[in-house]
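Asker: predicted coordinates and the sequence they were generated for:
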Amino acid sequence: MFFLSDLRDLIHVIEWDLERLKTQKVFVAMRLSWFVIQVFIFARAISLIVRQLTGVNYYEFYLLGVYVSILYSTSISRGYVIADEFDDGIVEYHLSLPIKRNIFVLGRILGCSLAALLFTLPMMLIVLIAVNALNLTGLLVSMIMAYIFSIGVVGLVILVVLNVKSTDATDILFGTIDAILVRLSSIFYPLPIIQAIGIAPYYYAALFNPLTSIADFIRLLFIPEFTLYTVSPYALVLYILGFSIGMIVLAMEHYTKKLEAGGWK
């Protein structure tokens with residue numbers, strides 16, 4: 001059963017990750033400055049090249065894809081913090097806390113995901129202002145879906161970290177996973193264009209990629225005229241929910257067992 005004391009413990013664990021975010025103000029400011037340059041200079045340059053070649057305005061499509069790629073990479077890095085904790089001995093400290101293991105693991109996943117969402121929220125606002133699509137309802141819906149997606153990514157990271165048990169190997173593996181998942185998605189290339197290329201494995205990999213689902217859902221919210229789609233928004237939401245619920249259940253079960261058995265060593 002879930003008691004009020006469990007809820008209090010869960011909030012405290014979430015606060016752990018949010019407090020660590022506060023120590024990164026300089027990094028956040030530097031990352032945000034670079035993002036502004038990317039939005040207002042590099043993105044316009046890329047869009048200009050695409051427009052000259054195809055006559056299509058690529059700017060809005062590209063910007064929302066950039067936001068999703070940053071949300072994804074930030075979620076990866078927030079989850080990856082746990083790998084460093086194994087090396088730094090912080091896990092032993094956590095095990096000494098009077099908190100249920102499942103509550104602790106759930107709090108870490110929700111906390112890392114919330115930190116990733118807050119880290120990328122200013123970038124989302126910049127993108128929406130740049131594409132002139134800022135509205136409160138769309139912003140709230142996109143934040144909820146971005147948070148759910150981030151939970152799934154953090155859960156995926158935890159699964160990988162606990163099985164690899166090596167920060168060097170994890171670095172290489174995540175670099176590979178990141179390169180594959182981002183490119184096999186509609187983050188930067190519209191899905192109908194990928195389909196038109198005629199490489200079926202590429203198309204189906206992009207179609208079932210969760211990054212494609214969250215990128216196209218957010219585009220449907222703010223720039224529906226740029227999304228040539230055969231997949232309904234309900235299907236996109238269900239797919240993101242399924243991905244995140246599956247990852248959080250697997251990560252909680254795996255993480256809890258590793259903690260109880262000392263299997264993180």
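Answerer: Nice, thanks for sending it over. Keep in mind it's a predicted model, so treat the numbers as computed, not measured.
Asker: convert the C-alpha atoms of the helix or strand where residue 218 lies to PDB, please.
Answerer: Element membership for residue 218, per DSSP states H and E: helix 210-222. Extracted C-alpha coordinates of helix 210-222, given in PDB (Å, rounded to 0.1, in the frame of the first residue of the first chain):
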ATOM      1  CA  PRO A 210       9.800   6.800 -29.500                       C
ATOM      2  CA  LEU A 211      11.700   9.900 -30.500                       C
ATOM      3  CA  THR A 212       9.600  10.100 -33.700                       C
ATOM      4  CA  SER A 213       6.400   9.800 -31.600                       C
ATOM      5  CA  ILE A 214       7.300  12.700 -29.200                       C
ATOM      6  CA  ALA A 215       8.700  14.900 -32.000                       C
ATOM      7  CA  ASP A 216       5.700  14.500 -34.200                       C
ATOM      8  CA  PHE A 217       3.200  14.900 -31.300                       C
ATOM      9  CA  ILE A 218       4.800  18.200 -30.400                       C
ATOM     10  CA  ARG A 219       4.700  19.300 -34.000                       C
ATOM     11  CA  LEU A 220       1.000  18.400 -34.200                       C
ATOM     12  CA  LEU A 221       0.400  20.600 -31.300                       C
ATOM     13  CA  PHE A 222       2.200  23.700 -32.600                       C
END
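Asker: list the helices and strands that helix packs on?
Answerer: Counting contacts by 3 or more C-beta pairs under 8 Å, 6 or more residues apart in numbering; DSSP states H and E, helix 210-222 is packed against helix 59-88, helix 136-164, helix 233-261. C-beta here means a position set from N, CA and C on the backbone, and glycine is covered the same way.
Asker: and the longest one, what's buried?
Answerer: It refers to helix 59-88. By 16 or more other C-beta atoms under 10 Å, the buried positions in helix 59-88 come out as 59-76, 78-83, 85-86.
Asker: what helices or strands is it leaning on?
Answerer: helix 4-22, helix 43-54, helix 101-130, helix 136-164, helix 167-183, helix 210-222.
Asker: centroid-nearest residue for the protein?
Answerer: Central residue of the chain (C-alpha atoms, centre = their mean): residue 72, 3.1 Å from the mean position.
Asker: that one reaches residue 213, doesn't it?
Answerer: No: using C-beta atoms under 8 Å, residue 72 makes no contact with residue 213, being 11.8 Å away.
Asker: mind pulling up the pLDDT for residue 186?
Answerer: pLDDT, residue 186: 87.
Asker: give me the secondary structure label for it.
Answerer: Secondary structure for residue 186, judged by DSSP: H, G, I helix; E, B strand; the rest coil, is coil.
Asker: which residues touch the residue nearest to it when sequence neighbours are not counted?
Answerer: Closest residue in space to residue 186, ignoring its immediate chain neighbours: residue 212 at 4.4 Å, by C-beta to C-beta, 6 or more residues apart in numbering. With contact set as C-beta atoms under 8 Å, 6 or more residues apart in numbering, residue 212 has these partners: 185, 186, 187, 191, 206.
Asker: at 10 Å instead, please
Answerer: Listed by C-beta atoms under 10 Å, 6 or more residues apart in numbering, the contact set of residue 212 reads 68, 181, 184-187, 189, 191, 194, 205-206, 231, 236, 239.
Asker: returning to what we had before: common neighbours of residue 72 and residue 213, please.
Answerer: By C-beta under 10 Å, 6+ apart, residue 72 and residue 213 have these common neighbours: 149, 185.
Asker: picking that back up, can I get the helices and strands packed on helix 210-222 in a markdown table including distance to residue 221?
Answerer: Shown next, in a markdown table, are these (distance: least, C-beta to C-beta, whole Å):
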| stretch | distance to residue 221 |
| --- | --- |
| helix 59-88 | 9 |
| helix 136-164 | 5 |
| helix 233-261 | 8 |
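Asker: TSV for the ones you listed, including mean pLDDT?
Answerer: Output for the helices and strands packed on helix 210-222, formatted as TSV (pLDDT from 0 to 100):
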stretch	mean pLDDT
helix 59-88	85
helix 136-164	90
helix 233-261	85
